[in-house]
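Chemist: I need the structure of the sequence given here:
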Amino acid sequence: MKRVFLIMLTVLWVSAAQGILITTADGNGADTFVGNDSNKGPNSNYGASATLDIRNNPGVRAHIGYIRFDLTGVSGDFSGAQLQFYVTQGGATRTWNIYGLIDGVDDFWGEMSITYNTAPGMIPTDPQANGTYIIDETKLTLLGTVLVPNTQPVLVTSSTASLNLDSFLAADRNKLVTFVLIPTGGDRQFYVAAKEGLASNPTWSAPTLILPNAVPEPASLMLLAVGSLASRFRKQKR
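Modeler: Numbering: from 1, shown residues only. From the prediction side, this is the model:
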């Protein structure tokens, strides 16, 4: 019992020191993109793709990223959060707009069923309107921007100065948060690592939400402690 207690204290200390990292591979997380052009049709789903194809060429191409994080088992102070994702290819510096999906039932979109025409926050358009997207401002709110440099592959981490997530995360009630990624500027095609691509590309990382001030809830902390203890016992038996 004493050993379990010490392990729990150790886990708590690590959480307090490093915060919490949540990826789209955790819990009910998800990552995909939707398209609205002649190549990536508005009724097609890309949930199984190894990468998120992100592109914005007005009137020609519109490929929009959707990523969701599951906050179940995490509590405390969500201030100072940062968004992180791995750009595998792109070759240009661009500013991306990051939108947040207003908390509600729309957060439960299906990774393997979502299309542009069903994506929460997007208003369906004429199938012939290649690259024309319309944001539903009753569902999406602009949270800020992320700068993607022209040296790829690169791990991009948002700055709290240009992307402040404090109020958005504080308003969450269903333990799911969805972010929508739309690049600005001239046309350029980017590829962002999805959780589906990690098995064949071990150097990649899934989209991540960094919560520097959050901690595991008591039940989650106990599971971590039990897991650590079981792992330690297995090693001792070898």
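Chemist: which stretches of the chain have low pLDDT?
Modeler: 1-18, 126-129, 219-238 (pLDDT under 70).
Chemist: tell me the contacts of the residue nearest the centre of it?
Modeler: In the chain, the C-alpha nearest the mean C-alpha coordinate belongs to residue 67, at 3.9 Å (C-alpha atoms, centre = their mean). By C-beta atoms under 8 Å, 6 or more residues apart in numbering, the contact set of residue 67 is 24, 29, 30, 31, 52, 85, 178, 179, 181, 207. Quick note: C-beta positions are derived from backbone N, CA and C, even for glycine.
Chemist: as a markdown table, the residues you listed with secondary structure, neighbour count and distance to residue 122 would be great.
Modeler: Shown next, in a markdown table, are the contacts of residue 67 (DSSP: H, G, I helix; E, B strand; the rest coil; neighbours: other C-beta atoms under 10 Å; distance: C-beta to C-beta, whole Å):
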| residue | secondary structure | neighbour count | distance to residue 122 |
| --- | --- | --- | --- |
| 24 | coil | 26 | 19 |
| 29 | coil | 22 | 20 |
| 30 | strand | 25 | 16 |
| 31 | strand | 28 | 17 |
| 52 | strand | 28 | 15 |
| 85 | strand | 29 | 20 |
| 178 | strand | 23 | 12 |
| 179 | strand | 25 | 14 |
| 181 | strand | 25 | 13 |
| 207 | coil | 27 | 19 |
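Chemist: can you tell me the SS state at the residue nearest to the centre of the chain?
Modeler: Under the three-state scheme (DSSP: H, G, I helix; E, B strand; the rest coil), residue 67 adopts strand.
Chemist: with residue 63 instead?
Modeler: Three-state assignment for residue 63 (three-state DSSP): strand.
Chemist: residues contacting it?
Modeler: Contacts of residue 63 by C-beta under 8 Å, 6+ apart are 33, 34, 35, 37, 40, 53, 54, 55, 56, 189.
Chemist: take those residues and keep only those in strands.
Modeler: If you go by DSSP state E, these have 33, 34, 35, 53, 54, 55, 56 in strands.
Chemist: neighbour count and distance to residue 79 added to the residues you listed, as JSON lines?
Modeler: JSON lines is the format used below for the ones in strands among the contacts of residue 63 (neighbours: other C-beta atoms under 10 Å; distance: C-beta to C-beta, whole Å):
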{"residue": "33", "neighbour count": "27", "distance to residue 79": "29"}
{"residue": "34", "neighbour count": "28", "distance to residue 79": "30"}
{"residue": "35", "neighbour count": "24", "distance to residue 79": "35"}
{"residue": "53", "neighbour count": "22", "distance to residue 79": "32"}
{"residue": "54", "neighbour count": "23", "distance to residue 79": "27"}
{"residue": "55", "neighbour count": "24", "distance to residue 79": "32"}
{"residue": "56", "neighbour count": "24", "distance to residue 79": "30"}
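Chemist: could I get the contacts of residue 67 as a markdown table with distance to residue 197?
Modeler: Listed next are the contacts of residue 67 as a markdown table, based on distance: C-beta to C-beta, whole Å:
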| residue | distance to residue 197 |
| --- | --- |
| 24 | 11 |
| 29 | 14 |
| 30 | 14 |
| 31 | 10 |
| 52 | 9 |
| 85 | 12 |
| 178 | 20 |
| 179 | 18 |
| 181 | 16 |
| 207 | 11 |
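Chemist: and the ones in strands among the contacts of residue 63, which two are furthest apart?
Modeler: Taking C-beta to C-beta as the measure, those reach their widest spread between 34 and 56, a distance of 12.4 Å.
Chemist: who touches both of the two?
Modeler: 63, 64.
Chemist: all helices for this structure, in order.
Modeler: 2-18, 166-170, 218-237 (DSSP state H).
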